[in-house]
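# pasting the sequence and the predicted coordinates here, then a few questions.
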Amino acid sequence: MSLIEETIAAVRPLDEAAVREAREHQARLTKPPGSLGVLEEVSVRLAGLAGRCPPPLPEPAAVAIFAADHGVHAQGVTPWPQEVTAQMVANFLAGGAVVNAFAGQVGATVTVVDVGVAAELGPAPGLLARKVAPGTADMTEGPAMTPGQARQAMETGIEVARDLAGDGARCLLTGDMGIANTTASAALIAAFTGLPPERVTGRGTGIDDRTHAHKVEVVRAALARHGLLPTPDSGRSGTAPVTRPEAERILAAVGGLEHAALAGFILGAAALRVPVVLDGVIAGAAALVAAAMAPDVLGACVAGHRSAEPGHSATVGHLGLRPLVDLELRLGEGTGALLALPLVQGAVRVLHEVATFDSAGVSGKDPGRSHDTITE
Ligand SMILES: Cc1cc2ncn([C@H]3O[C@H](COP(=O)(O)O)[C@@H](O)[C@H]3O)c2cc1C
Ligand SMILES: O=C(O)c1cccnc1
């Protein structure tokens, strides 16, 4: 069996007994039931993932930034030159990017993985040299990747998840760097959700109306080129689940090498039953690929934040994920995932540390008072 098949086979549903135990435990804690809202659901899910209650605290945490370039950059979809990808990789390694500041704040390690940066990068501490190709091909002219390149990048992501977890990480966070990757993300999201390009294509790093209109047409042209445009007679409605071979075809046709690696990273984390906090639209697009290949990966996924990119809201809606933080961020790198990390950790810490009504001698609700007379 290949590493990808092995990993997919290891992705399993949540453990129902641990889910039940966590729900029951939450109900006994010294707080009104349900008062921690979404965080209770996060804690229950992580218990189901670990197969025990309480689950391990999701720390230490590690963010992996997958970096790659995009052939579609030639179509004028972003104002930034392609060299910025490599320059930002150098910035990450020097500790000067926003992701470094946020990682430092929450004590997460930062690993940068070159899966497809166009420029040659010299060896550096913190950089994993795993270049599959010097960027993808232009998806408007042909498939962005060969099937072999997509699989190699996916395997790299699986290996990075395995190695970080092997080094002790108990929570993995997704990061990305790749100028023009919001264009590839929009194409992936349209292909998986069945939504039209104009609904899922955003302004990325910041573009004017004219460039945005052009970007939408570039996404439409790429989808049409690969038979992925949702039309009434194409059978692509977004409601029918995408099969595994089709998911791999879509990924190779319009995805990026970092999307492929991120899909592998998400699959790898889920197979190891380690939670993975997803960053924004690039991670979301990769999660669509991973979920089509192994739907149970979603049990391991926490949507860190809601990106300002319209395609991201469509993605989390499609996947049924609820973003924890909503701050109109549109940066990537792993920044939104890092901001959400303390929330995920706090959610689990509650199961470890909060007293029960019994243990603390706190009275429960008065059973003599009817619901009608109690203001909850
Ligand atoms: C200086 C700089 C730092 C970044 N850090 C993340 N991104 C983000 O922006 C890029 C995607 O946007 P688009 O598709 O519009 O090119 C990705 O590299 C993403 O990680 C950055 C972009 C820039 C310019
Ligand atoms: O949502 C993201 O991750 C994002 C948005 C814009 C540019 N880069 C990344």
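Sure, I can see it. Residues are numbered from 1 along each chain as shown. Ligands and ions are numbered 1, 2, ... in the order given.
# the nearest residue to Glu83 once chain neighbours are set aside: neighbour count?
Leaving aside its sequence neighbours, Glu83 sits nearest to Ala119 (Cβ to Cβ, 6 or more residues apart in numbering; 6.7 Å). C-beta here means a position set from N, CA and C on the backbone, and glycine is covered the same way. Number of residues near Ala119 (other Cβ atoms under 10 Å) recorded here: 15.
# ok, Ala119 touching Val84?
No. Using Cβ atoms under 8 Å, Ala119 makes no contact with Val84, being 10.4 Å away.
# returning to what we had before: next, give phi and psi for the residue nearest to Glu83.
Main-chain torsions, Ala119, degrees, to the nearest 10: phi -80, psi 150.
# Val89 versus that one, what's the distance?
9 Å (Cβ to Cβ, to the nearest Å).
# tell me the pLDDT of Ala86.
Listed pLDDT for Ala86 reads 98.
# what's the answer for Ala118, then?
pLDDT, read off for Ala118, is 98.
# can you classify it as helix, strand or coil?
Three-state call for Ala118 (DSSP: H, G, I helix; E, B strand; the rest coil): coil.
# same deal with Thr211?
helix.
# wouldn't Ala150 be in contact with Ala253 here?
No. Ala150 is beyond contact range of Ala253, at 9.2 Å (criterion: Cβ under 8 Å).
# who has more neighbours, those two?
Counted by other Cβ under 10 Å, Ala150 and Ala253 do not tie: Ala150 has more neighbours, with 29 against 23.
# which SSE is the more buried one in?
Assigned by DSSP states H and E, Ala150 falls within helix 147-166.
# closest point of the stretch 201-350 of the chain to ligand 2, which residue?
Closest residue of the stretch 201-350 of the chain to ligand 2, Cβ to the nearest ligand atom: Gly280 (2.4 Å).
# can you give me the neighbour number for that residue?
By other Cβ under 10 Å, the residues close to Gly280 number 32.
# next up, the contacts around Pro55.
For Pro55, the contacting residues are Ala18, Ala22, Ser43, Leu46, Ala47, Leu49, Val348, Leu351, by Cβ atoms under 8 Å, 6 or more residues apart in numbering.
# using the three-state scheme, assign it.
coil.
# per-residue confidence for the residue of the stretch 201-350 of the chain found nearest ligand 1?
Here the stretch 201-350 of the chain gets closest to ligand 1 at one residue, Gly204, 2.3 Å apart by Cβ to the nearest ligand atom. Note for Gly204: predicted pLDDT of 97.
# please apply the same query to the one 3 residues further on.
Confidence per residue is given as pLDDT, and for Ile207 that number is 97.
# please renumber the chain so that the first residue is 15 from this point on.
Sure, I'll start counting at 15 from here, so that last one is Ile221.
# let me see the backbone angles for it.
The phi/psi pair for Ile221 (degrees, to the nearest 10) is phi -130, psi 160.
# and what of Gly189?
Note on Gly189: its backbone torsions stand at phi -140, psi 160 [degrees, to the nearest 10].
# got the contact list for it?
Val77, Ala78, Ile79, Phe80, Val113, Val124, Asp293, Gly346, Glu347, Gly348, Ala351.
# can you add distance to Glu323 and give the residues you listed back as CSV?
CSV is the format used below for those (distance: Cβ to Cβ, whole Å):
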residue, distance to Glu323
Val77, 19
Ala78, 21
Ile79, 18
Phe80, 18
Val113, 17
Val124, 23
Asp293, 11
Gly346, 9
Glu347, 14
Gly348, 15
Ala351, 15
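# in strands, which of these appear?
Residues of the contacts of Gly189 located in strands (DSSP state E): Val77, Ala78, Ile79, Phe80, Val124.
# quick check: the farthest pair among those residues?
Phe80 and Val124 (12.1 Å; Cβ to Cβ).
# between the two, which is the more surrounded one?
When neighbours are counted by other Cβ under 10 Å, Phe80 and Val124 differ, and Phe80 comes out ahead with 35 against 23.
# okay, and the beta partners of the more buried one?
Phe80 forms beta bridges with Val127, Asp190, as assigned by DSSP bridges.
# what pLDDT does the model give Val368?
Value for Val368, per-residue pLDDT: 98.
# tally up the residues packed near it, please.
By other Cβ under 10 Å, the residues close to Val368 number 16.
# tell me the one of the contacts of Pro69 nearest Ala238?
Closest to Ala238, out of all of the contacts of Pro69 and judged by Cβ to Cβ, is Leu63, at 39.5 Å.
# what packs against the helix or strand harbouring that closest one?
Here Leu63 sits within helix 51-64, counting by DSSP H and E. Other helices and strands packing on helix 51-64, by 3 or more Cβ pairs under 8 Å, 6 or more residues apart in numbering; DSSP states H and E, are helix 30-42, helix 349-367.
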